[in-house]
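Visitor: Make a model of this:
(one chain, ligands or ions: 2)
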Amino acid sequence: MSTPRGFVLGLDLSTQQVKAMVLDDELVVLTEVHVHFDKDLPKFSTQGGVHIHEDKLTVTSPVLMWVEAIDLALERLVQSGVDLSQVAVLSGSGQQHGSVYWRQGARKTLRNAAASSPLHLTLQGCFSLDEVPVWMDSSTATECRQLEQALGGAQSLADITGSRAYERFTGNQIAKVYRTWPRAYEDTERISLVSSFAASLFLGDYATIDYSDGSGMNLLDIRKKCWTQRCLDACAPDLAEKLGELVPSHTVLGPVSSYLVQRYGFSPNCQVVAFSGDNPGSLAGMRLQAGDIAVSLGTSDTVFLWLKEPRPALEGHVFCNPICQEAYMALICFKNASLTRERVRDRCAAGSWEEFSRALRATPPGNGGNIGFYFDTMEITPPAVGIHRFNTDDEKVEAFADDVEVRALVEGQFLAKRVHAEGLGYRTAGRDGPGPFSQTEPETRILATGGASSNKDILQMFFFQNLRYTRLGDVPKPMIACHT
Ligand SMILES: Nc1ncnc2c1ncn2[C@@H]1O[C@H](COP(=O)(O)OP(=O)(O)O)[C@@H](O)[C@H]1O
Ligand SMILES: O=C(CO)[C@@H](O)[C@H](O)COP(=O)(O)O
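Guide: Numbers count the residues shown, from 1 in each chain. Ligands and ions are numbered 1, 2, ... in the order given. Model (predicted):
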């Protein structure tokens, strides 16, 4: 058997696309491909990678679209000329909280997938649900209240699982599946997260859920790192069995499937490392350290940081840290993010990011006292909906001039990040003493990632907000590093 040279393949199965990247043994990027769900797989009729249902609360994606997209990404890698037989190890990430329901007998089909046929055809009959809930779903308010009640209240649930009950968290989604389609639930032999689902396609077997992405389910005890039986029982019967074991996020799960070896020329020695959530993956990839704050500007906006001690609150989340088993990560998520920026770009900036940037540069910081809150859909932080604009006299108004609207949106989004982060006690170092959660790092770095972090005028807004920190606390300038 040949030994691969040490290339690394990284994947991300996120809301709007699959991204795949091959790096050599010195971590130089050799090739990168994308499969955009709406554009590359139009037969699934998604918008932004999802289907928003009539109630405007239920949001799903077709599971076979994800399978087809991964095959297409692998084909594109081969077409790019990269030699996949040199890949020694692969891993990846997925949008958090989404779940996949494998039907009884699916494991056998997955293990025996023939290289002659693409996986999306082989796996056609393998899922108990064709459309699966994703992180944008907010249709499980009933299940959330039931779970909190069963655990003795929102704070008690947060103390164990790191979060109060959130609509998008997988336990509540599973509870809804069980209540709505009991037969489909019974016919399910394994429930995967999006991350462990993607890993399963590479492993040719069910991949285990990792601690970090598993923390986004309202089911895992983040300190003991095991399922909490009381949470499982409150959501659905026989759930432990359907979820399988949990593993540290950097666990080597085993070699790639024979499907991958035969169809795409992977080495049979290529190892699959557990996949995790996209935000934990960003924390690992950006090499975040205690004291840093990261901002991801993907489909969602998130703010996250490395935590030494978990202190779960009624807002925000504490996840297990993907790198260090003794540490944690804190995260706040905002749903009205890139898609809202795109809507305002299309209405006020002729559909162009350049024009959007020009509007930001043409308006003064503070926007002449005009401010707006833009919640096109039910927001996560805070749970609010609607568009609310206020002029310089604090009067509610119906509209702003185009350039003012662009700045009001972005300033409002970044102000919300600051307000909610500060509400949870995150501070840039120096303002009120030491950094996040009173850690002692002398300087806070702010790191940005995700699609919109390529836009310097948007990043500048964050810089501006943090310059105000420096005035208040007289600390060194926060640093901004961009990763996309
Ligand atoms: N130049 C830009 N300025 C602002 N936003 C951008 C720019 N380029 C891409 N984006 C945003 O990035 C988003 C996609 O980010 P990405 O991190 O790839 O998302 P995901 O991983 O959730 O699929 C798009 O929805 C788009 O609005
Ligand atoms: O719900 C969350 C985090 O809790 C989202 O951040 C999802 O993980 C989706 O990520 P992107 O596709 O926006 O990167």
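
Visitor: Spell out which residues sit in contact with the residue of the stretch 51-200 of the chain found nearest ligand 1, please.
Guide: Residue nearest to ligand 1 within the stretch 51-200 of the chain (Cβ to the nearest ligand atom): Q95, separated by 6.6 Å. In this view, the C-beta of every residue, glycine as well, is placed from N, C-alpha and C. By Cβ atoms under 8 Å, 6 or more residues apart in numbering, the contact set of Q95 is L13, S14, T15, V134, W135, V194, G277, D278, T299.

Visitor: The residues you listed: which ones sit near ligand 2?
Guide: S14, T15, W135, G277, D278, T299 (Cβ under 6 Å from any ligand atom).

Visitor: what about the stretch 351-484 of the chain, any weak spots by pLDDT?
Guide: 428-443, 463-484 (pLDDT under 70).

Visitor: er, the stretch 1-150 of the chain I mean
Guide: Applying pLDDT under 70 to the stretch 1-150 of the chain flags the ranges 1-4.

Visitor: now D402: how far from ligand 1?
Guide: Distance, D402 to ligand 1, by Cβ to the nearest ligand atom, to the nearest Å: 17 Å.

Visitor: Name the residues of the protein found near ligand 1, please.
Guide: Going by Cβ under 6 Å from any ligand atom, the residues of the chain near ligand 1 are 14-17, 298-299, 338, 341-342, 353, 450-452, 454-455, 458.

Visitor: May I see the ChimeraX selection of the buried members of those residues?
Guide: Command for ChimeraX that selects the buried part of the residues of the chain next to ligand 1, burial taken from 16 or more other Cβ atoms under 10 Å:
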select :14,15,16,17,298,299,338,341,342,353,450,451,452,455,458
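
Visitor: Which members of the residues of the chain next to ligand 1 occur in helices, if any?
Guide: In helices, judged by DSSP state H, the following of those are found: S338, R341, E342, W353, I458.

Visitor: List the residues that contact the fourth one.
Guide: Read that as W353. R345, N455.

Visitor: Swap in 10 Å and give it another go.
Guide: Neighbouring residues of W353 by Cβ atoms under 10 Å, 6 or more residues apart in numbering: R341, E342, R345, A452, S454, N455, D457, I458.

Visitor: ok so, going back, so of the ones next to ligand 2 among the contacts of Q95, which two are at opposite extremes in space?
Guide: Greatest spatial distance in the ones next to ligand 2 among the contacts of Q95: G277 and T299, 13.6 Å, computed using Cβ to Cβ.

Visitor: shared neighbours of the two, which are they?
Guide: With Cβ under 10 Å, 6+ apart, G277 and T299 have common neighbours Q95, W135.

Visitor: Got the phi and psi for F373?
Guide: Main-chain torsions, F373, degrees, to the nearest 10: phi -120, psi 120.

Visitor: so who does it touch?
Guide: Counted by Cβ under 10 Å, 6+ apart, F373 has contacts 336, 379, 382, 384, 386-390, 408-409, 412-413, 415-416.

Visitor: Let's see that with 7 Å instead.
Guide: Residues near F373 by Cβ atoms under 7 Å, 6 or more residues apart in numbering: H388, G412.

Visitor: One more: L74?
Guide: L74 neighbours (Cβ under 7 Å, 6+ apart): Y264.

Visitor: Locate it within the secondary structure: which element?
Guide: If you go by DSSP states H and E, L74 is part of helix 63-79.

Visitor: And that helix, what's buried?
Guide: Quick answer for helix 63-79 (16+ other Cβ under 10 Å): 63-74, 76-77.
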